[in-house]
Structure formats: structure tokens, C-alpha cells
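Student: Sequence first, predicted coordinates after that:
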Amino acid sequence: MTGHPEHNAIYCTWDDRSRLQMSKTAAEWKIFKKGLGEKLGKNLKEPRLTWAAEYIDEHGDKLVRSSGNLAIAFQSNSFEY
């Protein structure tokens, strides 16, 4: 990644744990999005908002935990300048 020409490039050195957690989190987001879409329904003019809210309430915590684990994994890595 590069930015201003007077600054050095930044190289991200993600370890295996970070890449694995990124894959897990991406997969969980994909599953969540699919499930939420199913609850909302196909009629965009009349989405089933109550069903969607219940789905978020039931499945949102898992997504928050996974995203938190991803943040922790990335914070434990170092960036080289």
C-alpha cells in the first residue's frame, strides 16, 4: 500500500491466524447476508422487516464476535514501514 510520495510504502504482514480469521469472518458475513435476504423476502416494496429484525437479533451476536476476533487477529500483527 502506498500513499503520499514522501512516505515509505506500508507492507501488511498478516499471519496465518489473521488470514484464517478473515476467511471465517467473510464466510459468516456471507451466510448472514443470505439469511437476512431470505427473511426480508423478494418483494422489495414490502420487505418483511419484523422477520429481518428477529433474524438480526438471533444471529447478530455471532457476527459481532467474529468481527471482533478479526480485529484482534489484525491488531496482534505488526506492520512494516
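Tutor: Arrived safely. Numbers count the residues shown, from 1 in each chain.

Student: Tell me the buried residues in the top helix by length along the chain?
Tutor: Looking across the chain with DSSP state H, the single longest helix is helix 49-75. For helix 49-75, a neighbour-count test (16 or more other C-beta atoms under 10 Å) marks A52, Y55, H59, L63, S66, N69, L70, A73, F74 as buried. Any C-beta I mention is one placed from the backbone N, CA and C, and that applies to glycine too.

Student: Pick out whichever of these sits closest to L20.
Tutor: A73 (8.1 Å; C-beta to C-beta).

Student: Pretty sure that closest one sits against S23.
Tutor: No. Using C-beta atoms under 8 Å, A73 and S23 do not qualify as a contacting pair, with a distance of 11.0 Å.

Student: so W14, which of the three states?
Tutor: The three-state assignment at W14 reads coil, by DSSP: H, G, I helix; E, B strand; the rest coil.

Student: wait, doesn't it sit right on F74?
Tutor: Yes. At 7.3 Å, W14 counts as touching F74 under the criterion of C-beta under 8 Å.

Student: Good, wrapping up.
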